[in-house]
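Engineer: Starting from these lines, generate the structure:
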Amino acid sequence: MVHLLVGIDTEGDNQWDAAARADQRFENVYALPKLHALFERHGVRPTYVVTYPVVKDPRSADVLRELGTWTASPAACLHCECRFVRME
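Structural biologist: Predicted coordinates:
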């Protein structure tokens, strides 16, 4: 039996461009259901490694939530470039 581990680095669009980070967009995250459907057809359970800006975006959070915890696994990607807020 062959096992496949798939990790998807899930970040904002063009994350490495300072101007793009100033006006963050998440079109790539919004397209994940199409990719996820392909994984499901082949029995692959991906891990989506998400940055803080992705989970902070309400629509991105909804997309990830809809993928389901039985067919996907969430994980945190802690880039030092991301601005984190202190949760009190």
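Engineer: Show me where this protein has its helices.
Structural biologist: Taking DSSP state H, the helices of the chain run over residues 18-22, 27-30, 32-41, 52-56, 58-67.
Engineer: Out of these, flag the one nearest residue 7.
Structural biologist: In this view, the helices of the chain are compared for proximity to residue 7 by Cβ to Cβ, and helix 32-41 is the closest at 11.8 Å. In short, each C-beta sits where N, CA and C put it, glycine included.
Engineer: Who are the packing partners of that closest one?
Structural biologist: The elements that helix 32-41 packs onto, with contact taken as 3 or more Cβ pairs under 8 Å, 6 or more residues apart in numbering; DSSP states H and E, are strand 7-10, helix 58-67.
Engineer: hang on, the earlier thing: need the helices of the chain in a markdown table (columns: mean pLDDT).
Structural biologist: Compiled in a markdown table, the helices of the chain are given as follows (pLDDT from 0 to 100):
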| stretch | mean pLDDT |
| --- | --- |
| helix 18-22 | 79 |
| helix 27-30 | 94 |
| helix 32-41 | 92 |
| helix 52-56 | 86 |
| helix 58-67 | 91 |
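Engineer: Check the gap between the residue nearest to the spatial centre of the chain and residue 19 for me.
Structural biologist: With the centre of the chain defined as its mean C-alpha position, the nearest residue by Cα atoms, centre = their mean is residue 10, 3.2 Å away. Applying Cβ to Cβ, to the nearest Å, the value for residue 10 to residue 19 is 21 Å.
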